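pasting the sequence and the predicted model now:
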Amino acid sequence: MRGEVRIAMAGLAHPHGVGFLKNALKHEGVSIVGFYDNDNPENARAAAEEFGAPVFTDLDDLLYNQGANTLLTAQINYAKPKYIIRALKAGLGVIADKPMATTLEDLDAIEAAAKETGAPIFLMLTERYDPAVYTAKQMIDRGEIGKITSQYLVRPHRLRPERRPAWMFVRQQYGGIVNDIGVHDIDLARFFTGSEVKSVLGAKVANMRFTQYTDFCDTGTALFEMEDGSVATVTVHWMTPDAYHAHGDVRFLLEGTNGFLTISTVEKTVRFASDTHPIGYAEIVTPPLSCEEDALATMADRSHKPVITTQDSINATRAALLAQKAAEEGTKIHLTQK
């Protein structure tokens, strides 16, 4: 990694941010210059004590005057865009927890700021770095199952509402389940096919288990048509059984013209068969970079070619937002990527 990464962390609403910071600081050349979160000041104070960096009450002071070159944010979903835009306009690269935005208007503003300044955005689409996912992508690129015709991507999560902040159960602040969780799988549909989303053919969200939260949906499904003619179904929910050993039994089924493969990110397996290969398991390959390493390299060296580009972050988010919109309005939406 060339260059230093001097992180300003603004927005500590979700623990993904602090978790990323802990791993980032293990790498040479990475430092934290300070914290800002006037909406969650107790979180900023706790982080300042843990990491030995000051708390700022003026965001511009932190972004412009403290030598930072990177914003790390895990702010409340609806408030995240204002942090990202201000950092981009200050010339900082951005590492953001998903979702990056909760409205198309905010996403448009983020994209405009990124194009204006050329500063990179790295959205934490961590699944691309999972060894099973990485192995499957290598197999697909070698043509081992032919051209992908359909994908079924399932992402259960465990809610445990007593451990969740109140803002998660307010639709305007949370942004919706397809946008929040489904963006991972929408991005993977793009990643596996090398194709953009063309249309949201149908989508639905509902509240099936946690009905005490009247402004919250705990399950969602969306059907996408890709530009290459294939289809992808994404199903997400907050109903992982309490006794299950993992946060969610995330799994994918990819059908190709000459074979199929199934991926389990919990078991770290890829099971496949093709016209020339009987059913069996692939040897799992470790990606060359972790998510943190790729993000830090992107911030340290603007010539680095990341696995997740700024445009990946924007396009996956746009498709997720439009799928969320389709689910809530009961409409079909055609995408025109910028």
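Received it, and whenever you're ready, just let me know what you need.

pretty sure residue 184 contacts residue 97?
No: using C-beta atoms under 8 Å, residue 184 is not in contact with residue 97, being 11.7 Å away. All C-beta spots, glycine's among them, are computed from the backbone N, C-alpha and C.

what touches both of those two?
Contact criterion C-beta atoms under 8 Å, 6 or more residues apart in numbering; residues shared by residue 184 and residue 97: none found.

contacts only, for the residue nearest the centre of the chain.
Among the residues of the chain, the one closest to the centroid is residue 125, at 3.4 Å (C-alpha atoms, centre = their mean). Residue 125 sits next to 98, 183-184, 187, 308, 312-313, 316 when contact means C-beta under 8 Å, 6+ apart.

now, which of these sits nearest residue 91?
residue 313 (17.9 Å; C-beta to C-beta).

next structured bit after the helix or strand the closest one falls within?
If you go by DSSP states H and E, residue 313 is part of helix 310-329. Sequence-wise, the next helix or strand downstream of helix 310-329 (DSSP H and E) is strand 333-334.

residues making contact with that next one?
With C-beta under 8 Å, 6+ apart as the criterion, strand 333-334 contacts 198-200, 322-323, 325-326.

next one: stretch 285-294
1, 20, 23-24, 27, 122, 124, 126, 128-129, 131, 134-135, 138, 297, 306-308.

from residue 299, how far off is the residue nearest to the centre of the chain?
Computed as C-beta to C-beta, to the nearest Å, the residue 125 to residue 299 distance reads 16 Å.

can you check residue 142 too?
Residue 142 is 31 Å from residue 299, by C-beta to C-beta.

for those two, indicate the residue with more neighbours.
residue 299 (29 against 8; other C-beta atoms under 10 Å).

how much space between the residue nearest to the centre of the chain and residue 51?
Residue 125 is 25 Å from residue 51, by C-beta to C-beta.

go on, residue 86?
22 Å.

what's the answer for residue 41, then?
In terms of C-beta to C-beta, residue 41 sits 16 Å off from residue 51.

same check on residue 188?
Distance from residue 188 to residue 51, by C-beta to C-beta: 32 Å.

neighbour-wise, which of the two wins?
The residue with more neighbours, out of residue 188 and residue 51, is residue 188; 26 against 17, by other C-beta under 10 Å.

that older thread, report the buried members of the contacts of stretch 285-294.
Buried subset of the contacts of stretch 285-294 (neighbour count, 16 or more other C-beta atoms under 10 Å): 1, 20, 24, 122, 124, 126, 128-129, 134-135, 297, 306-308.

can you tell me which of those end up in strands?
residue 122 (DSSP state E).

what about the strands in the protein?
Using DSSP E, strands in the chain cover 5-12, 30-36, 70-74, 93-96, 121-123, 148-156, 197-206, 219-226, 231-237, 251-256, 259-264, 269-274, 280-281, 333-334.

can you tell me which of those comes nearest to residue 63?
Among the strands of the chain, if distance is taken as C-beta to C-beta, the winner is strand 5-12, at 5.9 Å.

who touches stretch 99-119?
77-78, 80-81, 84-85, 87-89, 91-94, 120-121, 123, 172-176, 179-180, 183, 302, 310, 313-314, 317-318, 320-322, 325, 338.

write a PyMOL command that selects only the buried members of those.
Isolation of the buried members of these (16+ other C-beta under 10 Å) is achieved in PyMOL through the command below:
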select buried, resi 77+78+80+81+84+85+87+88+92+93+94+120+121+123+173+174+175+176+179+180+183+310+313+314+317+318+320+321+322+325
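
domain ranges for this protein, per the record?
5-119, 127-288+318-334 (automatic domain parsing).
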